[in-house]
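# Build me a model:
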Amino acid sequence: MRLLSAVLVALSLFLTGVRGNHTSRTCIFQTLSDSDKDFCRGDLEVIYPDVGDVSCSYVPKCHGYRRRLSREWGSPHVRYSWAEKNKKYVLVMVDPDAPNRANPRHRYWRHWVVTDILGADLRNGKVKGHVLSGYVRPSPPPHSGYHRYQFRLYEQPAHKHIALSPEEDASLGSWDLKGFVEDFGLGHPVVKTQFLTKYYED
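Next up, the predicted model:
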């Protein structure tokens, strides 16, 4: 009888492990298409709780990740291991697909802008600096398809004070990213990446 009980317990544990493995296998991080993957340059990591680094991938729907991204999680850790410790950087997060990718009439939608980030902090994934535009969670509208959320890291020119104009500050949508970059001489991003997600119930 004891032997039978032991066998049943072992079988129960085995089946639980199989079910657990099956669940983890179904949560697949799909890589981006070649055209979207081309945007990603360098080793910039974007790290959210539980799901981890979402750089250059789709955010999976499993485990409620898309819902939590839109409703619960705050700003991610952004890590750039090759940042120069004593230099300052500017981080920009935008959605170029507002309200949808087929008709992005509100491009760019500003989600986060931080200046004066020390390279030493970036190496540790800490976005500590002067916040020009507070973090706004990715929240694609229903039935608008996948949206790209792009992160661009610029080297900040020495002794340069960077700010948003009152007009820019008044609205998040239709932001002139190119004009912002040109006005402050930011040049090309040192590194950049993006992830894609859509409305969590779609």
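# any chance you could map the helices in this structure?
2-26, 34-37, 65-71, 119-122, 166-169, 177-183 (DSSP state H).
# Worst mean pLDDT among these?
Across the helices of the chain, helix 2-26 has the smallest mean pLDDT, namely a mean of 40.
# surely residue 87 meets residue 154?
No - using C-beta atoms under 8 Å, residue 87 is not in contact with residue 154; the gap is 10.8 Å. (Each C-beta comes from the backbone N, C-alpha and C, glycine too.)
# In terms of neighbours, single out the busier of the two.
More crowded of residue 87 and residue 154, by other C-beta atoms under 10 Å: residue 154, with 22 against 15.
# First-to-last residue distance for stretch 133-142?
Terminal residues of stretch 133-142 are spaced 25 Å apart (C-alpha to C-alpha, to the nearest Å).
# And for residue 75, the neighbour number?
Residue 75, neighbours per other C-beta under 10 Å, totals 17.
# Does it touch residue 111 like I think?
No - counting by C-beta under 8 Å, residue 75 stays clear of residue 111, with 9.4 Å between them.
# joint contacts of the two?
residue 135 (C-beta atoms under 8 Å, 6 or more residues apart in numbering).
# residues contacting the spatially most central residue of the chain?
In the chain, the centroid-proximal residue (C-alpha atoms, centre = their mean) is residue 46; its distance is 5.1 Å. Going by C-beta under 8 Å, 6+ apart, residue 46 touches 53-55, 76-78, 151, 193, 195.
# Across the sheet, point out what pairs with it.
residue 78 (DSSP bridges).
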